[in-house]
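Q: no FASTA, just this:
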């Protein structure tokens, strides 16, 4: 109930509480020995709420930029099919970079990661796409 009072949103409060209890369970060997396991769990839930609020503020700030770029159509064709097969983080970074035309700093803000993580994620995605495209070319040559 207290997370609901803090967040004002039942769904967000439930997610924060679920995450806090999940972390408490995962680290129970350490948490049970604390002076106040309930306080630790409550603090974790508040931190989750703060993180969610920060992420929402970043999304709200970046959304107008993405909406203004509505003239950019989504990629189509074989390359986009390969992008869809990338892991979620790589796929998200590729879309934000090459469809939304965001720089690494803004991608990092949107994804809630560091700029270095964005750079390495994009490099891994480009490498994976290069290998997949190369494999497609070899397959076409064999037929």
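A: Ah, there it is. All figures in this text were calculated on a predicted structure; none of them were measured in a lab.
Q: In stretch 103-114, which residues are buried?
A: Using 16 or more other CB atoms under 10 Å as the test for burial, stretch 103-114 gives 104, 106-111, 113. Where you see a C-beta, it was placed from the backbone N, CA and C, and this is true even at glycine.
Q: Over to stretch 114-129?
A: 117-118, 121-122, 125, 128-129.
Q: Show me the domain layout of the protein.
A: Following automatic domain parsing, one gets these domains for the chain: 2-68, 78-142.
Q: Adding mean pLDDT, write the ones you listed out as CSV.
A: Formatted as CSV, the domains of the chain follow (pLDDT from 0 to 100):
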stretch, mean pLDDT
domain 2-68, 85
domain 78-142, 85
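Q: The residue nearest to residue 37 when sequence neighbours are not counted: neighbouring residues, count only.
A: Closest residue in space to residue 37, ignoring its immediate chain neighbours: residue 31 at 4.9 Å, by CB to CB, 6 or more residues apart in numbering. Neighbour count of residue 31, defined by other CB atoms under 10 Å: 17.
Q: mind checking how far residue 31 is from residue 6?
A: 21 Å (CB to CB, to the nearest Å).
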